[in-house]
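Enquirer: Structure of the sequence below:
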Amino acid sequence: MTYQDRGPGSGSKRHIVIIGGGPAGCAAALTLLKYSDFDVTVIESTGFTQQRIGEVVSAGISPLLEYLGVCGKDFLAKHISAYDHISTWGSATVQSRSSTFSLFGSGWHLDRNTFDSDLMEQVERGGARIYLRSRLIEAVLTEENTWQLSLHHHGETDHLPAGISCTSNRTPMGGGILRASRTLKWPLP
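Expert: Predicted coordinates:
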């Protein structure tokens, strides 16, 4: 299957492929769908069925979700309110963060599978093409100086143009920019 290149001058939207459909990838996709004229495709290696560790997010997530076009408090109603959380995130020092007096209300203890799946559903509703349970195989820099991506999807190899990385996995696309190489293969050694 091939996703045809519809570059400038073709009369169609320009497109971008986002690699990774977790919160960062979905936020990138929702932002592009809402605030740009890009045609968006998201590649996610899972189907949001594997166990993911939950997270506690502050009440400040509500305005961000609203910015992304996701109804904040209704969207979060499936999750458990968290008025305080204690963590050692990023250091050995235990820190407590309270949202008792937050302008936005309580924080939330997220069920990550539900949260990630619901975000992806919003991306799909926004008009993005979604590839679940798909893996990037290769990225090739073409003679036209554009990237051609190959991915494994339901037993077939698909080819997509362009891409940014929003995956937490180690990839040569670190920071969203492909390294200066003509061909990149996945998985990395």
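
Enquirer: quick one: the spatially most central residue of the chain from residue 66, how far?
Expert: When C-alpha atoms, centre = their mean is applied to the chain, the residue found nearest the centroid is residue 25 (1.3 Å). In this view, residue 25 and residue 66 are 19 Å apart by C-beta to C-beta, to the nearest Å. Where you see a C-beta, it was placed from the backbone N, CA and C, and this is true even at glycine.

Enquirer: ok, and for the host helix or strand of residue 109, which residues are buried?
Expert: Using DSSP states H and E, residue 109 falls within strand 107-110. Buried positions in strand 107-110, judged by neighbour count with 16 or more other C-beta atoms under 10 Å: 107, 108, 110.

Enquirer: Report the beta-bridge partners for the last one.
Expert: Yep, that's residue 110 we're talking about. Beta-bridge partners for residue 110, by DSSP bridges, are residue 55.

Enquirer: how far away is it from residue 132?
Expert: Distance from residue 110 to residue 132, by C-beta to C-beta: 20 Å.

Enquirer: Kindly check the end-to-end length of stretch 99-113 for me.
Expert: One end of stretch 99-113 sits 24 Å from the other (C-alpha to C-alpha, to the nearest Å).

Enquirer: hang on, I meant stretch 31-42
Expert: Terminal residues of stretch 31-42 are spaced 13 Å apart (C-alpha to C-alpha).
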